[in-house]
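**Q** Return atomic coordinates for the entry below.
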Amino acid sequence: MFGEMLYLVKHGVPWQVLDGWSRARRMAACVALAEQGGEIFDWELMRYRYEE
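**A** Predicted coordinates:
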């Protein structure tokens, strides 16, 4: 949870805003930001996919 918050703060979301978000919303925001950076999240498995 704390790692998610730090990741989102690093990407410009104010700490005070995050404090009011649910864990699900923080996770979804983290996934959305990671996908913008090229990551692929598998929602069925709830983990990132890595190409080998």
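
**Q** Find the helix or strand that the most centrally placed residue in the chain is a member of.
**A** The centroid of the chain falls nearest to Cys30 when counting by CA atoms, centre = their mean (1.1 Å). Per DSSP states H and E, Cys30 falls inside helix 23-36.

**Q** quick revisit: next, find the distance separating the residue nearest to the centre of the chain from Tyr7.
**A** 6 Å (CB to CB, to the nearest Å). Bear in mind the C-beta positions are built from the backbone N, C-alpha and C, glycine included.

**Q** now swap in Leu18 and tell me
**A** Noted for Leu18: a distance of 10 Å to Tyr7, by CB to CB.

**Q** one step back: mind giving me the packing neighbours of the helix holding Cys30?
**A** If you count contacts as 3 or more CB pairs under 8 Å, 6 or more residues apart in numbering; DSSP states H and E, helix 23-36 packs onto helix 2-10, strand 40-42.

**Q** try it again with 10 Å
**A** Counting contacts by 3 or more CB pairs under 10 Å, 6 or more residues apart in numbering; DSSP states H and E, helix 23-36 packs against helix 2-10, helix 15-18, strand 40-42, strand 47-49.

**Q** Give me the distance between the second one and the centre of its chain.
**A** Its chain's C-alpha centre and that of helix 15-18 lie 14 Å apart, by CA atoms, centre = their mean, to the nearest Å.

**Q** Name the residues of it that come out as buried.
**A** By neighbour count with 16 or more other CB atoms under 10 Å, helix 15-18 contains the buried residues Leu18.

**Q** could I have that helix exported to PDB, CA atoms only?
**A** Output of helix 15-18 as PDB, limited to C-alpha atoms (Å, rounded to 0.1, in the frame of the first residue of the first chain):
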ATOM      1  CA  TRP A  15      -0.500  12.800  -1.100                       C
ATOM      2  CA  GLN A  16      -3.600  14.500   0.300                       C
ATOM      3  CA  VAL A  17      -5.600  13.200  -2.700                       C
ATOM      4  CA  LEU A  18      -4.300   9.700  -2.300                       C
END
